[in-house]
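Enquirer: any chance you could fold what I've pasted below:
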Amino acid sequence: MQIVLYPLSVLYRFILAFGMGYVCSYLVSLVLIDVFYPYFAKAESIYLAAFSALIFYIIFVILSFCIHSLKKLTVISLALVATFFLFSKFIG
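Expert: Predicted structure coming up:
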């Protein structure tokens, strides 16, 4: 049974790390564009939001491989996606 479960848990961790990280970084960039737009020009706010989202993505992927529990990783990832989604709806 371990022969099947371990590769599936590794695949699940990869999907959570890279897939949810991409979704979170997309939502972070949407929120940051709306936050930076009043203070900077349109192009600068997009550039700064994209750069910040890229740094967030790298940190998210690294930290997702540092968390050992898949349940905890799932809860944290879903909470971040929900939070950034709500921020994007309320701010944007």
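
Enquirer: which helix or strand contains Val28?
Expert: Assigned by DSSP states H and E, Val28 falls within helix 21-36.

Enquirer: tell me the buried residues in that helix?
Expert: 21, 24-25, 27-36 (16 or more other C-beta atoms under 10 Å). C-beta here means a position set from N, CA and C on the backbone, and glycine is covered the same way.

Enquirer: how deep is the residue nearest to Val35 when sequence neighbours are not counted tucked in, by neighbour count?
Expert: What sits nearest to Val35 in space, not counting adjacent residues and going by C-beta to C-beta, 6 or more residues apart in numbering, is Ile91, at 6.8 Å. Ile91 sits with 12 neighbouring residues when counted by other C-beta atoms under 10 Å.

Enquirer: and the residue nearest the centre of the protein?
Expert: In the chain, the residue lying closest to the centroid (C-alpha atoms, centre = their mean) is Cys24, at 2.6 Å.

Enquirer: coming back round to it: hang on, the residue nearest to Val35 packs against Asp34?
Expert: Yes. Using C-beta atoms under 8 Å, Ile91 is in contact with Asp34, at 4.9 Å.

Enquirer: please enumerate the helices of the chain.
Expert: 2-14, 21-36, 42-66, 70-91 (DSSP state H).

Enquirer: what's the most buried one of those helices?
Expert: helix 21-36 (a mean of 20; mean count of other C-beta atoms under 10 Å).

Enquirer: just want the angle from that helix to helix 42-66.
Expert: 140 degrees (axes from the mean of the first three to the mean of the last three C-alpha atoms, to 10 degrees).
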